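[1] this one's sequence-less:
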Ligand SMILES: O=C(O)CCC(=O)C(=O)O
């Protein structure tokens, strides 16, 4: 019986192995993460983000990332006040203009989005090309609901609704997967992105001073090197001790081997790294997980992800 099973599996395994390479395309470019000091003035935040995006562009960055909740203080009590319609809101107009003036691909951090038809609020990232056109909209899928006694309790679901699709963004530098903060704890999103040919996962995020030291860097290195052999970048707001929520900061860029290429402390900063898709190919050649996966033994989660004509990735049952 055993040998019959072995015989049946062996040919299908070698056939699977041959088909397991993932086509990674793109050219080297400079990535910038802006660890922005966010205030309670939306107008100031938009103006300040504009200055820093222009600065990153002057330093040669071609892809620029803003942090989670870059236009408002982070906290459920603030979301309804700062929420905007997309694409009508002031933040969207400002982000589109910044991308166009700076001539960069801009991952516009996230903002609280109010969906006018339902009144629901989402934590939403929008992405722009160098012409200022919005090319993707991602709503945070996994809401940040945690309760660590005497440390931190946060319940985004009291106010927010979770998104229901994954997002991959095509650019002239390669394809990117993107998700927001708590989403990084769920490996499936990055795994699907990697297997669909993305060169990097971009996470605007605002970890805190309890879970930040525990997991922020660990998660990025895990998602990059251990799971997927791709680049991972996570962009936080700067810490403001005068507010209720103390962001961890430490915006970081990790390479496909899991090495930290750039990072910073908690204050406002811009960090840069060169992203080279060839590094992904070299890493996958040296440690060839991509040819060794055993989808005959366990499921390939990426096969469940279907791309629709508007670029949204939804999961089949
Ligand atoms: O996962 C964590 O520990 C922090 C997540 C978070 O701050 C967020 O999703 O905004």
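    Now that the structure is in, tell me what you want to look at. In this text the structure is predicted, and so the values were computed from the model without any measurement. Numbers count the residues shown, from 1 in each chain.

[2] drop to CA atoms for contacts and neighbour counts, all remaining ones
    Noted.

[3] contacting residues for the residue in the stretch 1-150 of the chain that the ligand sits nearest to?
    The stretch 1-150 of the chain approaches the ligand most closely through residue 144 (4.4 Å), counting by C-alpha to the nearest ligand atom. Residues near residue 144 by C-alpha atoms under 8 Å, 6 or more residues apart in numbering: 154, 155, 156, 157, 182.

[4] Kindly recompute the last result at 10 Å.
    Residues counted as contacts of residue 144 (C-alpha atoms under 10 Å, 6 or more residues apart in numbering) are 153, 154, 155, 156, 157, 160, 162, 181, 182, 183, 207.

[5] can you pull the contacts of the closest residue to the first one other than its chain neighbours?
    It refers to residue 153. Excluding the flanking residues, the one nearest residue 153 by C-alpha to C-alpha, 6 or more residues apart in numbering is residue 147, at 4.2 Å. Going by C-alpha under 10 Å, 6+ apart, residue 147 touches 153, 154, 155.

[6] Go through those and name the one nearest the ligand.
    residue 154 (8.4 Å).

[7] need the strands for the stretch 1-150 of the chain, in chain order.
    29-35, 63-65, 105-107, 111-114, 121-128, 134-139, 145-148 (DSSP state E, counting those that start in this stretch).

[8] wait, which of the ones you listed is closest to residue 301?
    With C-alpha to C-alpha as the criterion, residue 301 lies closest to strand 134-139 of the strands of the stretch 1-150 of the chain, at 19.9 Å.

[9] quick one: is the closest one near the ligand?
    No. Strand 134-139 is not in contact with the ligand by C-alpha under 6 Å from any ligand atom; minimum separation 11.9 Å.

[10] Check stretch 71-80 too.
    No. Stretch 71-80 stays clear of the ligand (C-alpha under 6 Å from any ligand atom), getting no nearer than 8.0 Å.

[11] Where in the protein is the helix or strand with the lowest mean pLDDT?
    helix 2-18 (a mean of 37; mean pLDDT, DSSP states H and E).

[12] still on that earlier bit, look at the residue nearest to residue 153 and report its pLDDT.
    Residue 147 carries a pLDDT value of 94.

[13] swap in residue 19?
    The model reports residue 19 with a pLDDT of 45.

[14] Residue 1 now?
    So, for residue 1, pLDDT stands at 36.

[15] Show me what from this protein comes close to the ligand.
    144, 181, 182, 205, 206, 207, 208, 211.

[16] Return the subset of those lying in helices.
    Among the residues of the chain next to the ligand, DSSP state H puts residue 211 in helices.

[17] Any of the residues of the chain next to the ligand buried? List them.
    144, 181, 182, 205, 206, 207, 208 (16 or more other C-alpha atoms under 10 Å).

[18] can you list the weak-confidence ranges in the protein?
    The model of the chain has pLDDT under 70 over residues 1-21, 310-311, 317.

[19] where along it do the helices fall?
    2-18, 42-58, 79-82, 90-102, 187-195, 211, 217-221, 277-286, 289-292.

[20] List the buried residues in stretch 188-199.
    By neighbour count on 16+ other C-alpha under 10 Å, the buried set for stretch 188-199 is 189, 190, 191, 192, 193, 194, 195, 196, 197, 198, 199.

[21] Now distance to residue 55 too, for those residues, in TSV please.
    Conversion of the buried residues of stretch 188-199 to TSV gives the following (distance: C-alpha to C-alpha, whole Å):
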residue	distance to residue 55
189	31
190	29
191	33
192	33
193	30
194	30
195	34
196	32
197	30
198	27
199	25
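
[22] Out of those, the closest to residue 292 would be?
    residue 195 (13.5 Å).

[23] shouldn't that closest one be in contact with residue 303?
    Yes. Residue 195 lies in contact with residue 303 (C-alpha atoms under 10 Å); the separation is 9.1 Å.
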